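Chemist: I would like to see how this sequence folds:
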Amino acid sequence: MSRSKTIQYVALLRGINSGKNPSTKMDVLRKAFETMGYENVSTILATGNVIFTSPESNPIKIEKNIFETLPSFIGFESDVIVRPVDDILALVRSEPFSPFNTFKKPRLYATFIHTEQKIESKYPIQTEEYVIIDNFDGVVCSMVFDESYKTPDLMKTLERMFGKNITTRNWNTVIKIISKKI
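Modeler: Residues are numbered from 1 along each chain as shown. Predicted coordinates:
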């Protein structure tokens, strides 16, 4: 009997342990994902990054399942973006920030956008405070290089450009995600 192939995914949940939403324990998230039938579940940090495996090959189906099921565990709706960990590994290996490595102490970000959302912009978009580098298959990489410019200001700009159904992670979190690759 052959085993079906499983894919390692990351679910990026918006609003976990931030803003006005109730606090969410990571063991609750793990249990929720296990109850939904996902395996090898682990969390990264306490900001809604869940690594898991599934035989399902369609991330949109997984997103829908998590979006519909998760509120019963955490008490609120959280937008969900699911990506294969291999896709994130490929993004990291592409070194999207390397053309802009002349800035001192930049803060690097990856904004995840639903794959079915159309993104039409010309990149890079640069101001005195930040640069939005490019869209890499639904992940918009940006960097803040002005110390006085606050991360929430960049988030507001990205929401104006792409809508509120996005979620942003610090690049160090993205690196931690791929370090959990099995």
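Chemist: pull the distance from the host helix or strand of L29 to the chain's centre.
Modeler: In this structure, L29 sits in helix 26-35 according to DSSP states H and E. How far helix 26-35 lies from its chain's middle: 18 Å, per CA atoms, centre = their mean, to the nearest Å.
Chemist: hmm, who's touching it?
Modeler: Residues from elsewhere that reach helix 26-35, judged by CB atoms under 8 Å, 6 or more residues apart in numbering: 11, 13, 16, 41-43, 46, 48, 50, 52, 66, 69-70, 73-74. Quick note: C-beta positions are derived from backbone N, CA and C, even for glycine.
Chemist: which residues in the chain form helices?
Modeler: Under the criterion DSSP state H, the chain carries helices at the ranges 26-35, 59-69, 71-74, 85-93, 151-162, 171-179.
Chemist: return the set of buried residues in the fourth one.
Modeler: Neighbour-count burial for helix 85-93 flags 85, 87-89, 91 (criterion: 16 or more other CB atoms under 10 Å).
Chemist: ok, the third one next?
Modeler: Under the neighbour-count criterion of 16+ other CB under 10 Å, helix 71-74 has I74 buried.
Chemist: that helix packs against which elements?
Modeler: With contacts defined as 3 or more CB pairs under 8 Å, 6 or more residues apart in numbering; DSSP states H and E, the secondary structure elements packing on helix 71-74 are helix 26-35.
Chemist: could you give the mean pLDDT of the helix it packs on?
Modeler: Helix 26-35 carries an average pLDDT of 94.
Chemist: and stretch 68-83, by the same measure?
Modeler: Taken as a whole, stretch 68-83 carries a mean pLDDT of 92.
Chemist: who touches that stretch?
Modeler: Outside stretch 68-83, the residues touching it (CB under 8 Å, 6+ apart) are 9-16, 21-22, 24, 28-29, 31-32, 35-36, 48, 59-60, 62-63, 66-67, 112-114, 138-139, 164-167.
Chemist: with that, I have no additional questions.
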